[in-house]
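Participant: Sequence first, predicted model second:
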Amino acid sequence: MKKLDLLAATLVLVGGLNWGLVAVARFDLVAWIFGGMDFGETNAASRIVYGLVGLGAVYGIASLLAANRRPRTHAAAAGAR
């Protein structure tokens, strides 16, 4: 599962950086990489990337919820202090 965790985290970082650029510079990096000339313009490739970023976020939420439900072991609890 470590590879899937890393992939999901990378996708979420890409999405976060892209939204940061949208907010600060009104520049959509993903659309630009895939040939979008106008702000907000999408094509099949950019929509796939946006979809994967969304799936990465859903996976991250599910992982956080699952980790929150797992009982903590004594060793893990002692290390968290």
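Facilitator: That came through fine.

Participant: tell me the SS of Leu4?
Facilitator: Classification of Leu4 by DSSP: H, G, I helix; E, B strand; the rest coil places it in helix.

Participant: what's the answer for Gly36, then?
Facilitator: coil.

Participant: and the most centrally placed residue in the chain, what does it touch?
Facilitator: Closest to where the C-alpha atoms of the chain average out (CA atoms, centre = their mean) is Val12, at 1.3 Å. For Val12, the contacting residues are 53, 56-57, 60, by CB atoms under 8 Å, 6 or more residues apart in numbering. From N, CA and C alone the C-beta is placed, and that goes for glycine too.

Participant: Which members of the residues you listed occur in helices, if any?
Facilitator: Of the contacts of Val12, the ones assigned to helices by DSSP state H are 53, 56-57, 60.

Participant: so where's the chain shaky on pLDDT?
Facilitator: 74-81 (pLDDT under 70).

Participant: can you map out the helices along it?
Facilitator: Counting by DSSP H, the helices of the chain are 2-25, 29-33, 44-69, 74-79.

Participant: Once you drop chain neighbours, what's closest to the residue nearest to the centre of the chain?
Facilitator: Leaving out its chain neighbours, the residue that sits closest to Val12 by CB to CB, 6 or more residues apart in numbering is Gly56, at 4.9 Å.

Participant: burial count for that neighbour?
Facilitator: When neighbours are defined as other CB atoms under 10 Å, Gly56 has 20 of them.

Participant: cool, Met1 as well?
Facilitator: 6.

Participant: What separation is there between it and Ala67?
Facilitator: 12 Å (CB to CB, to the nearest Å).

Participant: what do you get for Val53?
Facilitator: From Val53 to Ala67 the distance is 21 Å (CB to CB).
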